[in-house]
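**Student:** prediction below, plus the sequence it came from.
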Amino acid sequence: MTDTTPRTDTPPPVQPVDLEAERRAVGPALEEAVLNVLRSGRYVLGPEVEAFEREFAAYAGVAHAVGVASGTDAIAVGLRALRVGPGDGVVTSPFTFFSSAGAVAWIGARVQLADVDPETALLDPERAAAAVDGTTRCILPVHLYGQLCDVVALRALADERGLALLEDGAQAAGATRDGRSCGTVGHAGTYSFYVTKNLGAAGEGGLVVTQDEETAARLRRLRDHGSPAKYVHDEVGTNSRLHALQAAVLRTKLPHLEAWNERRRAVAARYDDAFAGSERVRPLARVPGGVHAFHQYTVRVVGAERDAVLARLAEQRIGAGVHYPRPVHLQEAARGWGYGPGDFPAAEALAERVLCLPVHPFLADADVERVAGAVLDAAGRA
Ligand SMILES: Cc1ncc(COP(=O)(O)O)c(C=O)c1O
């Protein structure tokens, strides 16, 4: 007789994001919410977006939330709302998704980079202070991987030098530091709801939060061609309105975010245990007073080839990633910003060493053990 049972020597994949599992958890509710919007005929802004803005503001403990089309637009519109314009300097991190710096350049402002703390990969307030010059108008810290920068120190710096503070919280939905969430210490803060984020839309979406009513009013105008009322344009803005369909998706998922983030933290704690004492696999440091959202669980591979470790994991169908393999200042697009190799040693070393392991809410404990074992094994041999 022929054996027709499938071969079981190939382990199942461990993915960085599991949208199928998410659909199993909230799929019917998402479908209902989306259908309701389709039936309402209100597709752009409107009551669904307003409800999401209210609910997210309450969740994040911030006075105002303004929905926009993406996390990138949130930064661009946020900068404009804080009166940053062409030629103004904005101090940000060289170790981030390109969008943080790209949005600065896109509005004609000048990117001023300051190196990160090599232990946390977060913008270092002292180096940020050293990068401030007479042209600087704003500091844009990036809450990388789901951990908040030292916003209190950065706010003190901003106040001392008369600058705006805009927090890039694209990766930090649900994170807090000393009990405060992204955008509550700065003059404003931004979020991204790209599909793979902790709170992901069914496509693109973003949000700017602020405690200041006037900034909120300006954000609302700027996302809609500077328009306070139909066919009245007080200033030049853009079209960056959040869609009601995305707001409906986000409203459906928001009540789950805390539990999902809690599960991310439990997964991270298992990884921490597995890597405790390893010389070669070193998790990034955690900030004091922080509640981490673990958008990524990131280790540094030391004394072994990171890319060889990555390749071994891929062979075992483990979806690890490198965020980010090339720092901002070494990108072709950054040519002309006045930086070169060696300018930001911490960012450059991290780009060579970081490895981000699967850390989503639907990961089973057995998968975490398998990934951790595979990483330790690969780093030992790589
Ligand atoms: C740190 C950071 N800033 C900004 C963005 C831009 O967000 P979006 O992709 O929604 O435009 C991202 C998205 O990945 C990000 O990770």
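**Tutor:** Structure's in. What do you need? Here the structure is a predicted model, which means the values were calculated and not measured.

**Student:** quick one: buried residues of the longest helix along the chain?
**Tutor:** Determined from DSSP state H, the single longest helix within the chain is helix 244-275. Residues 244-254, 256-257, 260-261, 263-265, 267-268, 270-271, 274-275 are the ones in helix 244-275 that count as buried (16 or more other Cβ atoms under 10 Å). In this view, the C-beta of every residue, glycine as well, is placed from N, C-alpha and C.

**Student:** which strands and helices lie in contact with that helix?
**Tutor:** With contacts defined as 3 or more Cβ pairs under 8 Å, 6 or more residues apart in numbering; DSSP states H and E, the packing partners of helix 244-275 are helix 19-40, helix 46-60, strand 281-283, strand 297-301, helix 365-381.

**Student:** 6 Å - rerun?
**Tutor:** Helix 244-275 sits against helix 19-40, helix 46-60, helix 365-381, with contacts defined as 3 or more Cβ pairs under 6 Å, 6 or more residues apart in numbering; DSSP states H and E.

**Student:** now it: average pLDDT?
**Tutor:** When pLDDT is averaged over helix 244-275, the result is 98.

**Student:** ok, back up a step: of the helices and strands packed on helix 244-275, which approaches the ligand most closely?
**Tutor:** Minimum separation from the ligand across the helices and strands packed on helix 244-275 (Cβ to the nearest ligand atom) falls at helix 46-60, 14.8 Å.

**Student:** buried ones in the closest one?
**Tutor:** 46, 48, 49, 52, 53, 55, 56, 57, 59, 60.

**Student:** so what does it touch, helix or strand wise?
**Tutor:** Packing partners of helix 46-60 (3+ Cβ pairs under 6 Å, 6+ apart): strand 64-68, helix 244-275.

**Student:** for the first one, packing partners?
**Tutor:** Pointing back at strand 64-68 there. Secondary-structure packing of strand 64-68 (3+ Cβ pairs under 6 Å, 6+ apart): helix 46-60, strand 206-210, helix 213-222.

**Student:** mind listing what's buried in the last one?
**Tutor:** Pointing back at helix 213-222 there. In helix 213-222, counting by 16+ other Cβ under 10 Å, buried: 215, 216, 218, 219, 220, 221, 222.

**Student:** hang on, the earlier thing: let's have the helices and strands packed on helix 244-275 in a markdown table, adding mean pLDDT.
**Tutor:** Formatted as a markdown table, these follow (pLDDT from 0 to 100):
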| stretch | mean pLDDT |
| --- | --- |
| helix 19-40 | 97 |
| helix 46-60 | 98 |
| helix 365-381 | 96 |
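
**Student:** dump those helices to CSV, plus distance to the ligand.
**Tutor:** Below are the helices and strands packed on helix 244-275 laid out as CSV (distance: least, Cβ to the nearest ligand atom, whole Å):
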stretch, distance to the ligand
helix 19-40, 16
helix 46-60, 15
helix 365-381, 22
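
**Student:** surely residue 252 touches residue 31?
**Tutor:** No. Using Cβ atoms under 6 Å, residue 252 is not in contact with residue 31, being 9.4 Å away.

**Student:** count the neighbours of the nearest residue in space to residue 106 that is not next to it in sequence for me.
**Tutor:** Excluding its sequence neighbours, the residue lying closest to residue 106 (Cβ to Cβ, 6 or more residues apart in numbering) is residue 76, at 5.7 Å. Around residue 76 there are 25 other residues, counting by other Cβ atoms under 10 Å.

**Student:** one more: residue 288?
**Tutor:** Going by other Cβ under 10 Å, the residues that sit close to residue 288 add up to 8.
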